[in-house]
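> structure, please.
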Amino acid sequence: MRSYAFRWFGAVAGLLVLGLPLWGQAGIERNSADAASDQATHLGYPQDWSSRHLLMPGVRAEDVMLAGERDPRLVYNMVMRRVAMENARPFMPLEFMPPTDLPRTGLPHTGLPRTTGPRLVVPRPRRRIKIDWAVSLENGYVPQNQFPAKYQFGVGAENCNSDYVLFGLTVTTGTQANLVGINNLYTNATPACNSGSPWVAFAYNTVTQTGGQIKTSPALSVDGTKVAFVESTSSGSYFHVLVLPNPIPAPPSQTGTVLSPQSPLSCITPTTVNCMTTLTIQTAANDSNSSPWVDYNTDTAYVGADNGVLYKINPVFGGGAPALVSTGGWPVTVTASGQSNKVLTAPIVDDNAGRIFIGDGYGYLYAISLSSPGGTTAGTQAVGWVGNGAGTGIVDPPIVVNDPANPTTDQVFSFTGCSSVQGIGGAVTQLPATFTSASTYTPSTSNTVDLGSGSGNGDCTTGNAHSGTFDNTFWVSGSTSGHLMACGFVSGTASKPLKPSNPKMYFFPFATNVITSTGSSTFVVNTTIGDECSPLTEFDNGTTDRLFFGVGKTDGFLESSTITTSLTTPNCTGTPTSSCVTAPNALGGTSGIVIDNEVSNGGTNIYFSTMAPGSVNAQKCNVSGGTANPYCAVKLTQAALQ
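Numbering: from 1, shown residues only. As a prediction, the model looks like this:
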């Protein structure tokens with residue numbers, strides 16, 4: 001079914017890329033959820049934590065489509081960027097659209113005629129910064145460097161009822177929902193969804209174990225009807241697949257609320273709405289950092305535990321009972337037995353390289369073979385300053401890129417708060433996907449760039465560096481002219497060390513397809529000692545390329561920077577500005593940020609959760625009967641960050 005559904009999606013994505021019409025009009029869809037569920041195959045796609053970690057920029061559309069048979073994330077990323085470009089087009093007959101207009105999409109010109117006729121996009125007024133909406137999550141939040149997930153029911157239009165954002169929550173106290181789905185997202189559309197109010201469509205309490213928490217990011221099925229996630233206790237980890245309501249409830253219907261959640265039915269196979277499977281991964285180790293990666297092509301999940309072991313689970317969404325794979329070299333003991341920190345990042349599966357890439361809290365980056373032989377460690381490199389305390393590990397999963405400027409070998413980018421390279425502090429290291437444990441691949445100044453150090457001589461600030469992102473120019477041409485952005489730290493001096501330090505944003509070019517500090521630019525995010533950035537998120541809405549990130553510890557902000565040949569410095573002074581909103585004080589400022597397109601107003605929506613109770617831009621999200629000062633799920637529209 002996955003392959004069949006993807007072929008339908010791929011066919012429509014191909015039409016989109018070639019500029020052929022998909023529907024008679026674009027905009028908000030208000031067909032009933034029942035009608036939507038009757039469609040044999042809808043043309044939707046998920047965006048979750050994994051979407052940002054496997055990239056194929058700047059290549060021919062047909063090559064992306066072919067690669068999408070191995071991993072549809074590659075096509076979903078392409079389509080989302082292409083839709084943004086189409087929505088931003090001014091009035092012009094497309095057959096006269098110059099080829100020079102096309103590269104902003106991150107896709108090359110196809111050489112085919114543009115025959116769809118005129119498209120009129122109504123100019124949108126610039127708006128003052130405001131919160132589109134904030135929904136109470138009561139005592140639950142998405143943890144630092146973890147992400148909500150978004151499901152888009154249609155390629156070219158929003159759907160008030162069927163599009164939803166999913167939040168997997170760590171709950172600090174009490175009994176409430178820990179898996180919350182919100183629809184009627186588009187409150188600034190014309191007309192607005194649900195008269196301008198978002199809707200908690202479903203809310204589940206999925207706890208099956210004493211003290212169970214969702215500490216990592218959930219993963220959605222390709223059709224948006226199921227979600228996979230991990231429940232962790234102080235000493236155990238459990239893999240769940242939950243079948244979501246189908247259709248997604250429309251107001252006034254709900255499947256549970258945050259305060260009064262639905263309890264899923266227990267089932268062996270995930271085939272019945274509101275039922276949830278439970279698979280014990282490990283009773284002697286929890287999972288505090290490793291989100292499940294789903295290989296949609298094989299219906300297989302990979303997830304790590306804090307004991308340094310990587311597990312393989314099959315099937316996941318296909319209807320059978322999820323089970324641990326114990327043949328072919330699985331599970332894999334990734335870390336060494338004597339390590340004091342064995343916490344694994346989420347795994348990144350690269351079918352093109354035939355490997356899984358994963359980091360650990362000790363500072364190592366690993367390559368695990370998918371086959372020949374499967375489940376073996378093919379390479380280990382010390383990216384962080386291994387075993388030297390806070391900030392020296394790898395806490396976010398690496399980013400794997402099929403670079404059009406270097407197409408024969410995929411490239412792996414990893415991030416650490418303190419590098420193993422002499423003279424470099426926090427760092428981004430670039431390695432070929434073929435790396436082994438040989439010294440030939442040892443990180444060095446030739447493939448590692450500095451993100452700041454405590455005394456300016458390569459020591460640690462004790463802060464963590466989270467995953468960066470690439471600009472739109474990279475999506476167009478890869479490392480030929482693109483850039484990587486990462487948030488590190490201001491360097492101290494020997495006489496005045498900064499341990500911890502304050503955050504600083506870096507903008508790195510490439511030289512001969514390898515990241516370099518030559519020609520880089522920076523800005524200081526703020527002067528608050530101890531602040532860290534969240535993972536970075538970039539998106540080009542067809543007119544402007546922007547960077548989004550949270551930052552905080554003893555303060556909290558969500559910030560935006562315009563990307564050109566450098567980065568603009570956000571104006572963030574503690575009061576709301578055009579490039580900054582305030583959030584409750586928390587390390588990292590906000591959770592990870594997910595993005596979508598909103599056709600009807602031309603903006604780019606961003607979704608995140610606060611990581612401490614309190615207001616966002618002085619707007620509270622509390623509800624009657626709930627806590628007076630809750631955590632919030634928040635939506636902003638990029639157009640409001642101008």
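> which residue ranges of the stretch 301-450 of the chain form helices?
Counting by DSSP state H, counting those that start in this stretch, the stretch 301-450 of the chain has no helices to list.
> which residue ranges form the strands in it?
Along the stretch 301-450 of the chain, counting by DSSP state E, counting those that start in this stretch, strands occupy 309-314, 323-324, 332-333, 348-350, 355-359, 364-369, 377-382, 399-401, 411-416, 427-432, 448-450.
> identify all contacting residues around the fifth one.
The reference is to strand 355-359. Here strand 355-359 makes contact (CB atoms under 8 Å, 6 or more residues apart in numbering) with 290, 302, 304, 310, 334, 344-350, 365-370, 378, 383, 393-398, 400, 412, 414, 433. C-beta coordinates here come from the backbone N, C-alpha and C atoms, glycine included.
> before we move on, what about the third one?
Under the criterion CB under 8 Å, 6+ apart, residues 308-310, 368, 375-377 lie in contact with strand 332-333.
> surely E532 meets P503?
Yes: with contacts counted by CB atoms under 8 Å, E532 reaches P503, the gap being 6.4 Å.
> intersection of neighbour lists for the two?
Contacts common to E532 and P503, judged by CB under 8 Å, 6+ apart, are 463, 487, 551.
> among those residues, name the ones in strands.
Of the positions in the shared contacts of E532 and P503, 487, 551 sit in strands, assigned by DSSP state E.
> ok, the shared contacts of E532 and P503 vs A67, which is closest?
Nearest to A67 out of those is C487 (CB to CB; 29.5 Å).
> please name the nearest non-neighbouring residue to the closest one.
Closest residue to C487 apart from its sequence neighbours, by CB to CB, 6 or more residues apart in numbering: C533 at 3.4 Å.
> G482 now?
Closest residue to G482 in three dimensions, ignoring its sequence neighbours and counting by CB to CB, 6+ apart: F474, at 2.5 Å.
> list the contacts for the one you found?
Counting by CB under 8 Å, 6+ apart, F474 has contacts 57-58, 481-484.
> give me the buried entries from the residues you listed.
57-58, 482-484 (16 or more other CB atoms under 10 Å).
> least confident of these?
Least confident of those in the model: G58, at 87.
> just give the nearest non-adjacent residue to that one, would you?
P404 (4.0 Å).
> check E559 too.
Closest to E559 by CB to CB, 6+ apart is P570, at 4.2 Å.
> for this structure, give me the ranges with low pLDDT.
The model of the chain has pLDDT under 70 over residues 1-42, 89-130, 574, 598-603, 638-642.
> hmm, who's touching stretch 490-504?
Contacts for stretch 490-504 (CB under 8 Å, 6+ apart): 425, 450-457, 459-463, 487-489, 522-533, 551.
> oh, I was asking about stretch 263-276
Contacts of stretch 263-276 (CB under 8 Å, 6+ apart): 204-206, 226, 240-246, 255, 262, 277-278, 317, 319-322.
> got the CA coordinates for that stretch in PDB?
Extracted C-alpha coordinates of stretch 263-276, given in PDB (Å, rounded to 0.1, in the frame of the first residue of the first chain):
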ATOM      1  CA  SER A 263      -7.200   6.100  26.600                       C
ATOM      2  CA  PRO A 264      -6.300   3.900  23.600                       C
ATOM      3  CA  LEU A 265      -7.400   0.400  23.300                       C
ATOM      4  CA  SER A 266      -4.700  -2.200  23.600                       C
ATOM      5  CA  CYS A 267      -4.200  -4.200  20.400                       C
ATOM      6  CA  ILE A 268      -1.700  -6.600  18.800                       C
ATOM      7  CA  THR A 269      -1.800  -5.200  15.300                       C
ATOM      8  CA  PRO A 270      -2.400  -1.500  14.500                       C
ATOM      9  CA  THR A 271      -5.500  -1.800  12.400                       C
ATOM     10  CA  THR A 272      -8.400  -0.400  14.500                       C
ATOM     11  CA  VAL A 273      -9.000   3.300  15.200                       C
ATOM     12  CA  ASN A 274      -8.000   4.300  18.700                       C
ATOM     13  CA  CYS A 275      -6.000   1.100  19.300                       C
ATOM     14  CA  MET A 276      -2.400   1.100  20.300                       C
END
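> contact partners for A284?
Contacts of A284 (CB under 8 Å, 6+ apart): 235-236, 307.
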